[in-house]
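Undergrad: give me a model of this one.
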Amino acid sequence: MKGFLIQNGAFIFWATIAVLSLIVEALTAELVSCWFAPSALVAMILSPFVKTFWIQLIVFLGLSILLLAVGRTLVKKKLDLRKANLNADSLIGKTGIVQEPINNISETGSVKIAGLVWTARSATGEEIPAGSVVVIREIQGVKLICDLQKDA
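TA: Model prediction:
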């Protein structure tokens, strides 16, 4: 066993780094550690042919930096992970029914729209009575900003 580890230690080391980097990426989903896996695989394949560990390490680090710089930039542009789209913006312009009178001063009010009840505030500051039909103008946090629907 000891002879096997001495002969294949670098191979096992790089395989472990590859697997661990994928596990860390799966837990974080930050597109950072996933770039270490292909670099570790290259170092792992290189290890039986190049016995000097520091050369393997230089290949690993160089390829990791290159993949991280290029790959992360390209993937982030494609996925745009920074913006979580909850489809709440699709409510803007739609109408809802006031469930609880909307009063910005007392910070009360709710509107039912698409089967859900949202906290609401008046866009104009005027009080809106329960049962009124309102148009959603914007969303601020978890509050709908709305005003009375004008008759067409």
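Undergrad: and the helices in this protein, which stretches?
TA: With DSSP state H, the ranges of helices along the chain come out as 2-28, 36-46, 53-79.
Undergrad: ranking those helices by burial, who's on top?
TA: When the helices of the chain are scored by mean count of other C-beta atoms under 10 Å, the highest mean neighbour count falls to helix 36-46 (a mean of 20). The C-beta positions use only the backbone N, C-alpha and C, and glycine is treated the same way.
Undergrad: using PDB, write down the CA coordinates of it.
TA: The C-alpha coordinates for helix 36-46 follow below in PDB (Å, rounded to 0.1, in the frame of the first residue of the first chain):
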ATOM      1  CA  PHE A  36     -10.100  24.200 -10.600                       C
ATOM      2  CA  ALA A  37     -11.500  20.800 -11.600                       C
ATOM      3  CA  PRO A  38     -10.300  20.800 -15.200                       C
ATOM      4  CA  SER A  39      -7.000  22.200 -14.100                       C
ATOM      5  CA  ALA A  40      -6.600  19.400 -11.500                       C
ATOM      6  CA  LEU A  41      -7.500  16.800 -14.200                       C
ATOM      7  CA  VAL A  42      -4.800  18.200 -16.500                       C
ATOM      8  CA  ALA A  43      -2.300  18.000 -13.600                       C
ATOM      9  CA  MET A  44      -3.500  14.500 -12.800                       C
ATOM     10  CA  ILE A  45      -3.000  13.300 -16.400                       C
ATOM     11  CA  LEU A  46       0.400  15.000 -16.300                       C
END
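Undergrad: still on that earlier bit, now for the helices of the chain, which one comes closest to G96?
TA: helix 53-79 (32.4 Å; C-beta to C-beta).
Undergrad: and that closest one, what does it pack onto?
TA: For helix 53-79, the elements it packs on are helix 2-28, helix 36-46, judged by 3 or more C-beta pairs under 8 Å, 6 or more residues apart in numbering; DSSP states H and E.
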